[in-house]
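J.: predicted model and sequence follow; I will ask about them next.
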2 protein chains.
Amino acid sequence: MAEMKARLESAQHILWRILTYDYKAKQTGMQFYENKIRLDVKCSRDMTRVPKEEFEERVNAVIRRSLPVVKKFYKRSEVPKGIDISKVPENVKEIRIVSIGDFDTQPCGNPHVDNTSEIGEYKLLEIKRVGKDTYRFVGAVIKEGESLEGEITGKKLSQKERLQPPKGTRDFLPEEMILRERVFDTVKKVFQRYGYDPFKTPAFENFELFTMKESIGTGEQDKLYMFEDKSNRKLALRFDQTVPLARVVSINPQLPKPFKRFEISRVWRYEEIKRGRYREFWQCDVDIVGTKDMLADAEIIDCAMAVVEELGFKDCFMRINNRNLLSGMMQFAGIPKDKVQDAFRAIDKLDKVGIEGVEKELESRGIKGKQKEKLLKIIGIKFGPKKALAKAKDLIGSNKEGSEGIRELEDLLDNLEAIGRMNIVVDLSMVRGLDYYTSTIFEIMSKDQKIGSLAGGGRYDKMIGAFAGSKEEIPAVGIALGIERIIELLKERDGARNKSVTKVFVIRVNDDVKKDCLKVVQKLRQAGINTQVDLMGRNLRSQLDYANSLGIPYVVVVGKEEVKSRKYKLKDMATGEEKQITLEEIISRIA
Amino acid sequence: MAEMKARLESAQHILWRILTYDYKAKQTGMQFYENKIRLDVKCSRDMTRVPKEEFEERVNAVIRRSLPVVKKFYKRSEVPKGIDISKVPENVKEIRIVSIGDFDTQPCGNPHVDNTSEIGEYKLLEIKRVGKDTYRFVGAVIKEGESLEGEITGKKLSQKERLQPPKGTRDFLPEEMILRERVFDTVKKVFQRYGYDPFKTPAFENFELFTMKESIGTGEQDKLYMFEDKSNRKLALRFDQTVPLARVVSINPQLPKPFKRFEISRVWRYEEIKRGRYREFWQCDVDIVGTKDMLADAEIIDCAMAVVEELGFKDCFMRINNRNLLSGMMQFAGIPKDKVQDAFRAIDKLDKVGIEGVEKELESRGIKGKQKEKLLKIIGIKFGPKKALAKAKDLIGSNKEGSEGIRELEDLLDNLEAIGRMNIVVDLSMVRGLDYYTSTIFEIMSKDQKIGSLAGGGRYDKMIGAFAGSKEEIPAVGIALGIERIIELLKERDGARNKSVTKVFVIRVNDDVKKDCLKVVQKLRQAGINTQVDLMGRNLRSQLDYANSLGIPYVVVVGKEEVKSRKYKLKDMATGEEKQITLEEIISRIA
């Protein structure tokens, strides 16, 4: 959870930007207090006449956009152009640059949140005059559950509150949506290439679907958004995409097997909001229902890896393990049943705390002596997949579950090899939380420690049959991509984003050429080029500004001369290059 | 609302299909009762031993798929192959064929619903033996609010009920989703070509957003799905996409204007369920915010027409009118303010009831004599757009609102002409329901009477500013496509649908060639071809059956011979044609 100081500073930074750019104010001072922050500015306009609400609204609008706040150090000579570092003392060699999404980029040494969603709501407590043309702004930030000078949030909403997206949800403006759609389209393309078909279930389900013992855990039920319809049906917004999949499969026995589907949709969980965690978010699942063949597990693994590779994550590998093997391991080590969960929790930490850490963890959970040593021996195995398996076989191949797990894992590795899928790591310490996995489990990891896990899944052969109330197993294997996390990573990686999908803006120099201009527009659109034209009768300068503000890459100018010569000016907005060419040439150049 | 008889017959038809195909039963009799239906069958299996629930579950699973029920007449000689008409008496010349989606197609003369969603829930009241190997099935159908022999739905849900999608919602299996995604993709492509950007808002909003006077009408508030989160925030699933758009624009003043966005998302309305009307459905909106220029209205019209044309609706036209002109018309006719709504309602019916019908309607609403005559005179104007306008100008051009409306309409027509958009009809009788329109209103109509309206919208210059609490107008114009209706029409038009996006199924003849087979699969996928391979170790026949059941158009066979010769058998599943060719040839043929 972000520190109060970081939250205050980030909020004030946003206010500062608004005052500096839109009110031409100049900062003269600032001060942190325990729960407040002060900003003094000089400004020719009488700031006491601007309603406090106006500033609050604007600051909060930025906060609610959930912008990432990125801090980077640059050598003074390498600070990107356009950032004013004139106020940074000369003796500072490494300059820290803070960016709040696309909203502002400034040198700043103060603590900041990582995402504006962590700030909470900005409250402007007062604006007062403290000198000639000098004004003091005192602000605070509050979150749900926090109180501010006796004032508690909730109750009847103000106009301002009413217009915000509800807590934990986001509005996706085009800039954000264009990226999201691009990611979704890529994922969809790869899934379809592997023969998975699109599929969708309702946003809400019967509440009782979630209270079935095969469904989500009871702890998770607290996170449901529950409601009743006007006929008193108890409903709940869906919590994941796996339970609805199990439901649909169980009532549609006619579906050919294996049933291969993907789904990219919203789910809702009432949880504490953290960086990158919302109450409404998208899940992206791909599953195969109806086969126990390890080739299915291999295909899911290959497909998920293909997706992350296609999205440009090149240094990923798949960690795999097997639940039966884990059970065998527990038997081999003689862990009593009531200690198995403890042992799982301890060994799952190997990645983070190392073998000594696991040893301590095991001891603290009462797993000592021979039991402990045997476990450490197995999870300490560190060879390539095949050798690791051979070693595990030596140790635990003699017990039933263990040998079953080893057989499945061998089979899976053979299939992965046949497919030609590399970058596989057998990790006997990986457990994965969900109870319903019955065999293979896996997780896509980046070699980049900061990135960590990108996807996870496994085989769950018992869940769907239990749902259907059937005595037969309906085996299934699937993986969920951490799609919201992937989107966040892509935002950080790719930096500046498109604000529009428009490729060309056609400028009409004046109304005399309107008809000709619209003809050009129609021809560009007919050629499949995303095209805009002025819809406000603006002058040339304003039209250019608009094209610029949306980052539209090309401008075509249609004036009297151009109409006569049938050669139009094409301007590349990135390079500034201009060409006088025919419409056909324009089309072939940018289509 | 579908008749009880049609509902019973459609349900029984589904049961009949299950009994005939899966239990090899033969029908020996049937009988309608007031609220029940009886089916007698001969069957070697003891049907009294099958739990009633099993049949109910299977029938209801089909019902919930919301399959269209299509009835068509064929000359006996032209009945499509594969339909058994041997039991239709010889003297029947025109045979009525009933199709329940992809589920069944049979000759049948009985009444049927138009969509299985109209049936309600099927209840199997009894199964009893009525002769040697002969069994009687008595069933009923019930809907919400209907009672069945004292039994009321609701309360604690049965296992079966729990597994159904909640009332008014649908599961979209791949067959349906593939079509829906294709439609959405087409719409999106055209919108983007016109320079509209993607955009999304949360599934739920603050409940109070919907109680603002600028928001949805009070009558509509009853249709909201309301709930509270765990912090007692009052929320509601969103009702449309326009209110959220207004909200987002009002809190994001930084958005460059004009702001051009589209959105294709779910909305929820608790309403009575009818044919093609659900409680969860998709809306598809495109809007321009921030300009009053009539070129914007023209662009929206052009863009929406381009969408429906791209979807293959070739015989459409745009009906347009203007709210100011309508007001002018009321002034010209001297209609008192308290009668204006009555007059609107009456003239809006011109299309359906003709000029005499409107006359009667006006009279019944107390609009008589000169008032009535003047109105009829105006709405009776029937010329091309320009002439109609000239005539309207003669009559009402002298009053302020009337002349403003005429000016706007002229301006709009000039712009449409400049764009080259044809198929425009000025219809002075069109009103359109929503209060918030302030100027242009329009509606896409098909010349095909059965199809009717495909989209509607208009200019609403006051709503967003009012939302923002701003004194300035934030003008806007937009249109909503009736996307669910369009999808239903496309289903009817295009008939059989793809059950999978997979293009090739690769058959592995046996396990010896598995590795080679998987290499072929990888190469096909790398070439961007949607490919599946057997994941169950099935025999050749079963692999072919699977490919067939999904309607996969091509099969590639990989056996020992093929691997040796590097020429694989490519089978076109539609024509049955087979070729022995290299992988490269296969790729270039089907990519």
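T.: Perfect, thanks for sending it.
J.: show me the shaky parts of the stretch 1-150 of chain A.
T.: Under the criterion pLDDT under 70, the flagged ranges of the stretch 1-150 of chain A are A:1-2, A:145-150.
J.: nearest to chain B within it, name that residue for me.
T.: When scored by C-beta to the nearest C-beta, the stretch 1-150 of chain A has A:Ala61 as its residue closest to chain B, at 4.7 Å. Backbone N, C-alpha and C define where each C-beta goes, glycine included.
J.: quick one: contacts of the helix or strand containing A:Glu562?
T.: Element membership for A:Glu562, per DSSP states H and E: helix A:560-565. With contact meaning C-beta atoms under 8 Å, 6 or more residues apart in numbering or on different chains, helix A:560-565 is reached by A:Val509, A:Asn510, A:Asp512, A:Val513, A:Asp516, A:Tyr568, A:Lys569, A:Gln580.
J.: if we use 6 Å, what do you get?
T.: Applying C-beta atoms under 6 Å, 6 or more residues apart in numbering or on different chains, the contact partners of helix A:560-565 are A:Val513, A:Asp516, A:Tyr568.
J.: repeat for stretch A:467-484
T.: A:214, A:246, A:250, A:281-282, A:284-289, A:292, A:296-297, A:300, A:304, A:454-455, A:457, A:459-461, A:464-465, B:159.
J.: out of these, which are inside strands?
T.: Those of the contacts of stretch A:467-484 mapping onto strands are A:Phe281, A:Trp282, A:Cys284, A:Asp285, A:Val286, A:Asp287, A:Ile288, A:Val289, A:Leu454, A:Ala455, A:Gly457, A:Arg459, per DSSP state E.
J.: the fourth one: what's it in contact with?
T.: Going back to what we said before, that points to A:Asp285. Neighbouring residues of A:Asp285 by C-beta under 6 Å, 6+ apart: A:Gln241, A:Glu263, A:Ala480.
J.: among those, which ones are in strands?
T.: Per DSSP E, the subset of the contacts of A:Asp285 in strands is A:Glu263, A:Ala480.
J.: next to chain B, which bits of the stretch 251-400 of chain A? Give me the list.
T.: Residues of the stretch 251-400 of chain A lying close to chain B (C-beta under 6 Å from any C-beta of the partner chain) are A:Ile251, A:Asn252, A:Pro256, A:Pro258, A:Tyr270, A:Glu280, A:Thr291, A:Asp293, A:Leu295, A:Ala296.
J.: which of the residues you listed fall in helices?
T.: A:Ile251, A:Leu295, A:Ala296 (DSSP state H).
J.: any idea how far A:Phe191 is from the last one?
T.: To A:Phe191, A:Ala296 is 15 Å away according to C-beta to C-beta, to the nearest Å.
J.: in the lowest-mean-pLDDT helix or strand in chain A, what's buried?
T.: The least trusted helix or strand in chain A, going by mean pLDDT, DSSP states H and E, turns out to be helix A:218-221, with a mean of 77. Residues of helix A:218-221 include none that count as buried (16 or more other C-beta atoms under 10 Å in any protein chain shown).
J.: follow-up on the earlier one: helix or strand next in line after the helix holding A:Glu562, which one?
T.: Counting by DSSP H and E, what follows helix A:560-565 is strand A:568-572.
J.: what helices and strands are in contact with that following strand?
T.: Here strand A:568-572 touches strand A:554-558, strand A:578-581, going by 3 or more C-beta pairs under 6 Å, 6 or more residues apart in numbering or on different chains; DSSP states H and E.
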